[in-house]
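Engineer: A predicted structure for the sequence below; I have some questions about it.
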Amino acid sequence: MKIGGLLLCFAGMALLCAMDAVAKGLGAHLNAFQIGFVRYGGAAVWLVLYVALARQSWPKLGNWRRHVLRGLLMVVTACLFFYGVTHLPLAIATALAMSAPIYVSLFGIVFFKERPSPVLAIAIVLGIIGSAVMVIGGDASGATDITGWIAGLLAPITYAAAIVLLKHHADDDSAVALTLSTAAVAALVLVPLALPGFPAPVDQMWWQLPLIGFFGACGFVLLTTGLRTTPASSFAIVDYASLLWAAAFGFVFFAEVPQLRFWIGGALIVAGCALGMVATSRAARVTEPQTPAAS
């Protein structure tokens, strides 16, 4: 496995966390269905422009069943997560999503017959412990809405299924075409749920509406590209790093200050990320073909 694929996943996750911050800002004006529609509809528009101008390949119509399946999973995941993120602090909502790597690793082992190395297993455990510390010790002010907690707990299950499915479909189309097809299907599914009662944009919404689609499109393209060479079980390390991005965006844009235990958990996650990078680097060296010595 190439380290470049893992780095692309890290970059994609950073942009997706920025998208979540924009979604939280939009939560003051839009419901979860409307935020999901803006996110996927905006991403589809940006990607259509890119494909047309760069003369990239369009999604293959023959794979429409797979496009629909990915789109439906993303709709469910987005609605659950966007509802949770607008009813919980950003870092807390992201911390709840950290159970997703458990399901991703499980699905990867069951469906792709992946066997994570002992070092990678230790890295995943560090990430789980760090996530648990942050959930237990995070600032829960404003996080008393039980429906927000339920949505936040359910979202990672469908998200993990979508990630594993995306990896399974990664060779169907280019990363851009896969992202475009998923976004287009999700936006179409959300139309009847989002348009009724859609409010007229206020001043602060004019720049947020196109930005959420742009971050979502770019982040998902990078993530899809990286997943081509990243085992599903290794994706756990990437997902843990999103907690640090969420804490930073929550502090800068929403004045959310996590407690000390959040940073202790963050240190464990950083250690897990570093260990995971070492494990993937060793795996890459082991799997590289050896050049025969000259006789």
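Structural biologist: Sure thing, it's come through.
Engineer: just how off-centre is stretch 9-21 within its chain?
Structural biologist: How far stretch 9-21 lies from its chain's middle: 7 Å, per Cα atoms, centre = their mean, to the nearest Å.
Engineer: ok, and what's touching it?
Structural biologist: 39, 81, 85, 90, 93-94, 212, 215-216, 218-227, 230, 235, 238-239, 241-242, 245-246, 249-250, 253-254 (Cβ atoms under 8 Å, 6 or more residues apart in numbering). Quick note: C-beta positions are derived from backbone N, CA and C, even for glycine.
Engineer: State the mean pLDDT of that stretch.
Structural biologist: Confidence for stretch 9-21, expressed as mean pLDDT, is 87.
Engineer: Dump it to PDB, restricted to CA.
Structural biologist: C-alpha atoms of stretch 9-21 as PDB (Å, rounded to 0.1, in the frame of the first residue of the first chain):
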ATOM      1  CA  CYS A   9      -7.400  10.400   2.600                       C
ATOM      2  CA  PHE A  10      -6.100  12.700   5.400                       C
ATOM      3  CA  ALA A  11      -6.500  15.800   3.100                       C
ATOM      4  CA  GLY A  12     -10.000  14.700   2.000                       C
ATOM      5  CA  MET A  13     -11.000  14.300   5.600                       C
ATOM      6  CA  ALA A  14      -9.800  17.800   6.500                       C
ATOM      7  CA  LEU A  15     -12.000  19.300   3.800                       C
ATOM      8  CA  LEU A  16     -14.900  17.200   4.800                       C
ATOM      9  CA  CYS A  17     -14.500  18.500   8.400                       C
ATOM     10  CA  ALA A  18     -14.500  22.000   7.000                       C
ATOM     11  CA  MET A  19     -17.800  21.100   5.200                       C
ATOM     12  CA  ASP A  20     -19.200  19.900   8.600                       C
ATOM     13  CA  ALA A  21     -18.400  23.300  10.100                       C
END
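Engineer: What residues of stretch 150-166 count as buried?
Structural biologist: Residues 151-152, 154-166 are the ones in stretch 150-166 that count as buried (16 or more other Cβ atoms under 10 Å).
Engineer: Looking at the residues you listed, which are in helices?
Structural biologist: Among the buried residues of stretch 150-166, the residues falling in helices (DSSP state H) are 151-152, 154-166.
Engineer: of these, closest to Ala271?
Structural biologist: Comparing those against Ala271 with Cβ to Cβ places Pro156 closest, at 21.9 Å.
Engineer: residues in contact with that closest one?
Structural biologist: Per Cβ under 8 Å, 6+ apart, neighbours of Pro156: 96-100, 103.
Engineer: Check those residues for burial and list the buried ones.
Structural biologist: Applying 16+ other Cβ under 10 Å to these flags 96-100, 103 as buried.
Engineer: Find the residue ranges of the stretch 1-150 of the chain scoring beneath the pLDDT cut-off.
Structural biologist: 1-3, 99, 101-102, 105-106, 108-109, 112, 114, 116, 134-145 (pLDDT under 70).
Engineer: Strands of that one, residue ranges please.
Structural biologist: With DSSP state E, counting those that start in this stretch as the criterion, the stretch 1-150 of the chain has no strands.
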